[in-house]
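Asks: turn this into a structure:
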Amino acid sequence: LDDGSYLGIGILAMQRKDSVLLRAVGKISQYIQEERKKQTKPVQATKPDAKKKVENEVTMAEEEKNLGNACFKMQKFEQAIQHYSRAVQLDAKNPVFLSNRAMAYLKLG
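Replies: Numbering: from 1, shown residues only. Prediction:
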């Protein structure tokens with residue numbers, strides 16, 4: 001129910017017009033509240049695990065970038081691109097990985 005429906009129901013309640021409708025709306029409202037409670041179950045137990053996973057992926061991405069840098073210095077650009085691509089897959093929010101990969105593609109020709 002949207003806010004307009006509640007206003008209409010409130011007017012009916014103030015005038016005590018349709019008691020059957022008011023009871024039905026009360027039951028529907030109670031059902032909606034129960035469903036909302038079911039949908040908003042706490043997920044605190046999984047948050048630390050998820051945070052740990054993200055931290056682990058960021059660390060692995062940095063390691064891949066370092067491997068890519070080493071390959072780049074040795075002018076092994078194809079291998080560097082592979083490492084930078086893995087880094088992007090692990091942490092797509094870090095623009096350095098994309099920049100490094102782009103530079104490796106430029107050097108590759």
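
Asks: can you check the pLDDT for residue 27?
Replies: On pLDDT, residue 27 comes in at 76.

Asks: again with the one 4 residues further on
Replies: In the predicted model, residue 31 carries a pLDDT score of 73.

Asks: give me the number of residues near the residue nearest to residue 77 when sequence neighbours are not counted?
Replies: Nearest non-adjacent residue to residue 77, counting by C-beta to C-beta, 6 or more residues apart in numbering: residue 108, 4.3 Å away. For every residue, glycine as well, the C-beta is placed using N, CA and C. Using other C-beta atoms under 10 Å, residue 108 is surrounded by 11 other residues.

Asks: my guess is residue 108 contacts residue 75, does it?
Replies: No - judged on C-beta atoms under 8 Å, residue 108 makes no contact with residue 75 at a distance of 9.8 Å.

Asks: circling back to that earlier point, who are the contact partners of the residue nearest to residue 77?
Replies: Taking C-beta atoms under 8 Å, 6 or more residues apart in numbering as the criterion, residue 108 is in contact with 77, 78, 81.
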